[in-house]
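Asks: Coordinates only, no sequence provided:
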């Protein structure tokens, strides 16, 4: 994080294909709303195999639960493949400290840390 020169950090995964105006969409939302963290949806391009359909069903159920929880103003998880937060918030919450020995889910742990430290209002 010490190398980040911008106010915002936006994350995705190496295997993701982001839409053409992905960063512009984030920027527009940030400019119009007073937020310090954004969690966006993720989709899976499905082939026609059983495994592809299973993965699509799994991701769809997770996205449905995530979006539903945000709609109830009780969000409980996010996906680092489409996630943004301010550098200042990251530093205030001591970033990923506390889960350094766990190989995955740093996005969810960081999101939960944010939930514990604020009265966050959710926008979907």
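Replies: That came through, no problem. What you are looking at is a predicted structure, and each value in this text was computed from that prediction instead of being measured.

Asks: where do the strands sit along the protein?
Replies: 8-11, 37-39, 83-86 (DSSP state E).

Asks: Pick out the shakiest of those strands, pLDDT-wise.
Replies: Mean pLDDT per stretch puts strand 37-39 lowest among those, at a mean of 84.

Asks: Report the distance from that one to the chain centre.
Replies: The chain centre lies 6 Å from the centre of strand 37-39; the measure is C-alpha atoms, centre = their mean, to the nearest Å.

Asks: who does it touch, helix- and strand-wise?
Replies: helix 22-32, strand 83-86, helix 106-116 (3 or more C-beta pairs under 8 Å, 6 or more residues apart in numbering; DSSP states H and E). (Glycine included, C-beta is placed from N, CA and C.)

Asks: Partner strands of it and their direction?
Replies: Pairing partners of strand 37-39, with direction, according to DSSP bridges: strand 83-86 (antiparallel).

Asks: was I right about residue 81 contacting residue 12?
Replies: Yes. Look at residue 81 against residue 12 with C-beta atoms under 8 Å: they come within range, at 5.2 Å.

Asks: pLDDT score for residue 75?
Replies: Value for residue 75, per-residue pLDDT: 75.

Asks: count of residues packed around it?
Replies: 20 (other C-beta atoms under 10 Å).
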